[in-house]
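Asks: Curious how this folds, go ahead:
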Amino acid sequence: MTAACATALLGTFGARDAHAGHSADPDVDYLAETLDQWDFRLSLTRVDVGVYENVSVGSYYWLPLIKVPEVHARWTFFQDARWAVAAQLGYMRVEPKDFDKAAESDAKLQIVPFELLATYTVRDDLRASLGFAYTESAVSSGQLAKSSKASGGDGVVDSAEASLGASTGRLDAAFEWRLGDVLALSAEAQALLFQNAGGAATETIQVDPRTQIVLHQKGSADLNTGARGNLGFGATWAWEHFHAKLGVYRGAIVVPILGTFLRNPWPLLPEVDLSWRF
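Replies: Numbering: from 1, shown residues only. Just a heads-up that it's a prediction; the model follows:
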């Protein structure tokens, strides 16, 4: 997540050593970094752990508490003294039956966000990052409707199935400037590349035992919310076990996990986050 995400769901970043990749500080969401093996980071809304060299996994821990499973993993698969390249993949699922066992609907929302990041160390106190993020969201359902009518001994049974999906692509850019061992300044930007939606439906009409009518429909649309990008600035104080970030951004709000761009009705929005490393 970058500065454009909703405040409560943002990760933190801080001063780091001069090498790309992982370091003694928590991973930086907008840079190609991971936690060291068996290191933990706990922020206001999420937890991450380094499970292997250059591999970390985590979750927005409040989501499973409301019966919405979510997990994400990051792998820094290339790094040297100047460059680091990482990929991050996540998964989230929402089902009505998880909230109400008696629910008749078998609809399911699944979200898969993916991000590819590259970080370049310009000099010891300056790093730049560029990333491409793609999010696929899909709502699938089994039987949406079913009815039967008796007429002259014959039955007419209608049933329908439908699916909806949305995809979003964006570019992320960030610069980090260290002003010492504790303080770092950053500039972050996001630009929307595309935001599309589509759907399909199938309706089956059983007129009589010998006659069945199947109707197929599908369509797509560009989700133009008027939000195209954002720009933010922040400052992070990074001590050994505690990090605090304060920032402000202007432009679109990007919904965490979903990646959807929404119009921001306010001229500026604050960004605050705290995290602990142990």
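Asks: Strands along the stretch 1-150 of the chain, start to end?
Replies: 40-43, 47-52, 55-59, 70-79, 83-94, 108-123, 126-140, 145-151 (DSSP state E, counting those that start in this stretch).
Asks: ok, residues contacting the fifth one?
Replies: Just to be clear, that refers to strand 83-94. 20-21, 31-34, 63, 68-79, 108-121, 257 (Cβ atoms under 8 Å, 6 or more residues apart in numbering). (Each C-beta comes from the backbone N, C-alpha and C, glycine too.)
Asks: are any of the residues you listed buried, and which?
Replies: Among the contacts of strand 83-94, the ones that count as buried by 16 or more other Cβ atoms under 10 Å are 20-21, 31-34, 63, 68, 70, 72-76, 79, 108-109, 111, 113, 115, 117-119, 121, 257.
Asks: can you pull the contacts of residue 239?
Replies: Counted by Cβ under 8 Å, 6+ apart, residue 239 has contacts residue 182.
Asks: Mind listing the residues bridging to residue 89?
Replies: Beta-bridge partners recorded for residue 89 (DSSP bridges): residue 73, residue 114.
Asks: where does the stretch 51-200 of the chain dip in pLDDT?
Replies: 99-105, 142-159 (pLDDT under 70).
Asks: can you count the residues close to the nearest residue to residue 165 once chain neighbours are set aside?
Replies: Leaving aside its chain neighbours, residue 165 sits nearest to residue 138 (4.4 Å; criterion: Cβ to Cβ, 6 or more residues apart in numbering). Neighbourhood size, residue 138 [other Cβ atoms under 10 Å]: 15.
Asks: Okay, buried residues for stretch 234-247 please.
Replies: Buried, per 16+ other Cβ under 10 Å, within stretch 234-247: 234, 236, 237, 238, 243, 245, 247.
Asks: Farthest-apart pair in those, please.
Replies: The distance between the two most remote of these (Cβ to Cβ) is 14.1 Å, for 238 and 247.
Asks: Quick check: buried residues in whichever strand or helix holds residue 185?
Replies: Following DSSP states H and E, the helix or strand that holds residue 185 is strand 183-208. Buried residues in strand 183-208, defined by neighbour count with 16+ other Cβ under 10 Å: 184, 186, 187, 188, 189, 190, 191, 192, 195, 201, 203, 206.
Asks: ok, the third one touching residue 233?
Replies: When you say that, I think you mean residue 187. Yes: contact criterion Cβ atoms under 8 Å: residue 187 and residue 233 qualify, at 5.5 Å.
Asks: what's the burial count for residue 260?
Replies: Residues near residue 260, counting by other Cβ under 10 Å: 19.
Asks: how about the nearest residue to it, chain neighbours excluded?
Replies: residue 168 (6.0 Å).
Asks: wait, is the one you found part of a strand?
Replies: Yes: counting by DSSP: H, G, I helix; E, B strand; the rest coil, residue 168 is found in a strand.
Asks: Tell me how far it lies from residue 32.
Replies: Counting by Cβ to Cβ, to the nearest Å, the separation of residue 168 from residue 32 is 21 Å.
Asks: Likewise for residue 118?
Replies: For residue 118, the distance to residue 32 - Cβ to Cβ - is 6 Å.
Asks: cool, residue 60 as well?
Replies: In terms of Cβ to Cβ, residue 60 sits 21 Å off from residue 32.
Asks: same deal with residue 254?
Replies: Going from residue 254 to residue 32 by Cβ to Cβ gives 19 Å.
Asks: export stretch 168-185 as CSV, just CAs?
Replies: Extracted C-alpha coordinates of stretch 168-185, given in CSV (Å, rounded to 0.1, in the frame of the first residue of the first chain):
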residue,chain,number,x,y,z
THR,A,168,-7.7,-2.6,-11.9
GLY,A,169,-4.2,-1.8,-13.0
ARG,A,170,-2.0,1.0,-11.7
LEU,A,171,1.6,2.3,-11.5
ASP,A,172,3.2,3.2,-8.1
ALA,A,173,6.3,5.4,-7.8
ALA,A,174,8.1,6.4,-4.6
PHE,A,175,11.3,8.2,-3.4
GLU,A,176,12.9,7.9,0.0
TRP,A,177,15.4,10.3,1.3
ARG,A,178,17.2,9.6,4.6
LEU,A,179,18.1,12.5,6.8
GLY,A,180,19.8,10.4,9.5
ASP,A,181,19.7,7.1,11.3
VAL,A,182,16.1,7.7,12.5
LEU,A,183,14.3,10.1,10.1
ALA,A,184,13.4,9.5,6.5
LEU,A,185,11.2,11.6,4.1
